[in-house]
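Asks: Give me a model of this one.
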Amino acid sequence: MKQTTLIISILSFFFVSNFTYAQKSKNAYEITIKIKNSTDSIIYLANYYGKNQYLKDSAKVDPKNPGTYVFRGEEPLPGGVYIIASQGKARLLEFLVDKNQKFTFETDTLDYLKNIKVKNSPENEAFFDYIKTISNHQMQLSKLNSEYKTAKEGEQKELAKSLKKEITEKQEEIENFTINYIEKNKDLFLSRVLSLSREVKVPEYPKLEDGTVDSTFGWRYYKQNYWMYVDLTDDRLLRTPVFHNKLQNYFENVIVQDNDSIKKEVDWMIEQTRPNDEMFKYSTWFLTNFYETSKIMGFDEIFVYIVEKYYMTNQCTWVAPHTLENLAKRATQLKTILIGAKVPELIMPDSNNVWQSSYQFNTKYTIMWFWDPDCGHCRTETPKLRDLYNTLGRKLDFEVFAVSTDPDVDRWKKYIRENELSFMNVGGHSANIDYYKAFDLYATPVMFIFDRDKKIVAKRLGVDDVEHFLTSYEKMLEMKKNKE
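Replies: A predicted model of the protein is given here:
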């Protein structure tokens, strides 16, 4: 039987110090698994949490009963989807943990799912019955897809058409089976797990007063009902393989991707999860991390917003003081270089040791270019910037203020001469501010673009993106001006 490798956190693995077989005290959970033909001397219990899986417990084989393992613990397991993994960390079974935490599984290495038997856990009996039924449907669907592909490649049009119809019917059958199962078993945790993947059915698009179809209705309906089947106060959902992806998809693909809209959605999500401490913690942490690490220009503003509104107002009481302090410092630092903020003025000596200011130009735009002549990527990008400046600097009305971060002044000056960098070059050991800190520099090259009012309009662009950005930005300003 094919087995999927189980990814387990290394840290979690090494912090688990006790084997449950040795425990003799009264237990809050006791999960026995009997595996016919098993040769493992130890197996593992893991659980989902967010996008990862973590080792929770381990059990040695009972020397008197080969193939028998018992997971025991004095503290109840948090509800969720759990995994039993082999000695080689291969996934054997997934099952549900809820209120009843003393039950038994019996199975066989020949086919863990097909031969599974459950004792004292109606929830898991229902779970495995559902999985078996869906697996059979999926096998049939896979067979139909294979036959359809063969018919299509063989240009058997009528057969392909017939198979396509069967595929659609089978897909609807699977979907209807799951929906009916959920409706009939609303009291089961399994139904809540299945509801996470339940798709929103968008009704027929209505018509506007002028008779045209409301083209935005589908998106609006889908967004409005995206969480319709999900209880955002049920922390058991965190320990499933689905919730994290659904949450990420919502903020990545469903909502409008502008900062004002995102802030409203952030507030909505956090307030929806607030009644449950663990869901509140997770949603706040997820959104903080998601927007701090975002590669999309300008989304660091969302990170700053979250930190200021939730962390710096003592709402995130679980965060350690030093972590809270670091978050506050990070947000404060980034706030000064957000899109729309006035760029910090940087004054440094040029290659002739004459002090120059980044504020000196009166062009529409100034490109600040932090680079290092000893940096391989910089050596590729800087000549591109030179060529862009020489060919389009006047047309797009920009100047370049290039800041060398190389402590070797002679190497910097040599590079300027050899590569004929005709724009403003500054560098050396002195500056009016700590520009590494002021501009959040942790690698080179880094670009900032600010306008005549010294307000940042773009940052961390590649040289190849500058022309498109500036022309698009000009069009946007023109459209805005016409609307006014």
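Asks: Would you map out the domains in this protein?
Replies: 10-119, 127-195, 217-335, 347-483 (automatic domain parsing).
Asks: okay, now N225: neighbour count?
Replies: 12 (other C-beta atoms under 10 Å). In short, each C-beta sits where N, CA and C put it, glycine included.
Asks: Run a quick neighbour tally on the nearest residue to L196 once chain neighbours are set aside.
Replies: Closest residue in space to L196, ignoring its immediate chain neighbours: V242 at 4.1 Å, by C-beta to C-beta, 6 or more residues apart in numbering. Neighbour count of V242, defined by other C-beta under 10 Å: 16.
Asks: now do the one 5 residues further on
Replies: Each residue near L247 was counted by other C-beta under 10 Å, and the total is 25.
Asks: pretty sure it is touching F286, no?
Replies: Yes: counting by C-beta atoms under 8 Å, L247 touches F286, with 6.2 Å between them.
Asks: Now tabulate the domains of the chain in a markdown table and tack on mean pLDDT.
Replies: Formatted as a markdown table, the domains of the chain follow (pLDDT from 0 to 100):
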| stretch | mean pLDDT |
| --- | --- |
| domain 10-119 | 86 |
| domain 127-195 | 92 |
| domain 217-335 | 96 |
| domain 347-483 | 94 |
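Asks: CSV for the ones you listed, including distance to A341?
Replies: Converted to CSV, the domains of the chain look like this (distance: least, C-beta to C-beta, whole Å):
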stretch, distance to A341
domain 10-119, 33
domain 127-195, 43
domain 217-335, 7
domain 347-483, 6
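Asks: So which of those is nearest G211?
Replies: Closest to G211 of the domains of the chain is domain 217-335 (C-beta to C-beta; 14.5 Å).
Asks: Quick one: end-to-end distance for that closest one.
Replies: Start-to-end span of domain 217-335 (C-alpha to C-alpha, to the nearest Å) is 36 Å.
Asks: Please give me every residue in contact with V256.
Replies: V256 is in contact with I262, counting by C-beta atoms under 8 Å, 6 or more residues apart in numbering.
Asks: Phi, psi for Y181 please.
Replies: The phi/psi pair for Y181 (degrees, to the nearest 10) reads phi -60, psi -40.
Asks: what's the answer for S58, then?
Replies: Dihedral pair for S58: phi -140, psi 160, per degrees, to the nearest 10.
Asks: ditto for the one 4 residues further on
Replies: Backbone torsions for D62, taken as degrees, to the nearest 10, come to phi -70, psi 120.
Asks: State whether it and S41 are indeed in contact, as I suppose.
Replies: No: shown here, D62 and S41 do not form a contact pair, counting by C-beta under 8 Å, at 10.8 Å.
Asks: Give the residue from the two that has the larger number of neighbours.
Replies: Using other C-beta under 10 Å as the criterion, D62 and S41 rank with D62 on top: 14 against 10.
Asks: Off-centre distance for the helix or strand harbouring K143?
Replies: When elements are assigned from DSSP states H and E, K143 belongs to helix 122-153. Centroid separation for helix 122-153 versus its chain: 29 Å, with C-alpha atoms, centre = their mean, to the nearest Å.
Asks: Stretch 320-340 too?
Replies: Distance, stretch centre to chain centre, for stretch 320-340: 21 Å (C-alpha atoms, centre = their mean).
Asks: For the closest residue to L470 other than its chain neighbours, give me phi and psi.
Replies: Nearest residue to L470, sequence neighbours excluded (C-beta to C-beta, 6+ apart): L396, at 5.0 Å. For L396, the backbone dihedrals (degrees, to the nearest 10) come out as phi -90, psi 0.
Asks: Can you show me the strands along the stretch 301-450 of the chain?
Replies: 347-349, 355-357, 365-371, 398-404, 424-426, 446-451 (DSSP state E, counting those that start in this stretch).
Asks: In terms of secondary structure, what does the fourth one contact?
Replies: So that's strand 398-404. strand 365-371, helix 376-392, strand 424-426 (3 or more C-beta pairs under 8 Å, 6 or more residues apart in numbering; DSSP states H and E).
Asks: returning to that earlier point: packing partners for the helix holding K143?
Replies: strand 91-97, strand 117-119, helix 157-184, helix 189-195.
Asks: excluding its backbone neighbours, what's nearest L141?
Replies: L141's closest residue in space is K170 (C-beta to C-beta, 6+ apart), at 4.9 Å.
Asks: Near the closest residue to Y473 other than its chain neighbours, how many residues? Count them for me, please.
Replies: Leaving aside its chain neighbours, Y473 sits nearest to V457 (6.3 Å; criterion: C-beta to C-beta, 6+ apart). Each residue near V457 was counted by other C-beta under 10 Å, and the total is 19.
Asks: Now do the contacts for V457.
Replies: Applying C-beta under 8 Å, 6+ apart, we find V457 in contact with 339-340, 365, 449-451, 473.
Asks: How about the contacts made by the closest residue to F361 other than its chain neighbours?
Replies: Nearest residue to F361, sequence neighbours excluded (C-beta to C-beta, 6+ apart): E399, at 4.2 Å. Shown here is E399, whose contacts under the criterion C-beta under 8 Å, 6+ apart are 361, 363, 365-367, 393, 423-424.
Asks: coming back round to it: which ones are touching the residue nearest to L470?
Replies: 364-365, 467, 470-471.
Asks: How about the secondary structure of M269?
Replies: helix (DSSP: H, G, I helix; E, B strand; the rest coil).
Asks: Isn't it up against T288?
Replies: No: the pair M269 and T288 does not pass the contact test of C-beta under 8 Å, sitting 11.9 Å apart.
Asks: and the closest residue to S191 other than its chain neighbours, what is it in contact with?
Replies: Once flanking residues are discounted, S191 sits nearest to I182: 4.5 Å by C-beta to C-beta, 6+ apart. Taking C-beta under 8 Å, 6+ apart as the criterion, I182 is in contact with 191, 194-195, 198, 229.
Asks: Apply 7 Å and report the result again.
Replies: 191, 194-195 (C-beta atoms under 7 Å, 6 or more residues apart in numbering).
Asks: Ignoring the adjacent residues along the chain, who's closest to F243?
Replies: Per C-beta to C-beta, 6+ apart, closest to F243 is L237, 4.5 Å.
Asks: could you list every residue that touches the one you found?
Replies: 192, 196, 243.
Asks: and stretch 239-252, which residues are buried?
Replies: Using 16 or more other C-beta atoms under 10 Å as the test for burial, stretch 239-252 gives 239-244, 246-247, 251.
Asks: tell me the secondary structure for A46?
Replies: strand.
Asks: Please identify which helix or strand holds the residue lying closest to it once chain neighbours are set aside.
Replies: Once flanking residues are discounted, A46 sits nearest to I83: 4.4 Å by C-beta to C-beta, 6+ apart. Using DSSP H and E, I83 sits within strand 80-85.
Asks: Contacts for that strand, please.
Replies: With C-beta under 7 Å, 6+ apart, strand 80-85 has contacts from 6, 33, 43-48, 53, 91-97, 193, 236, 239-241.
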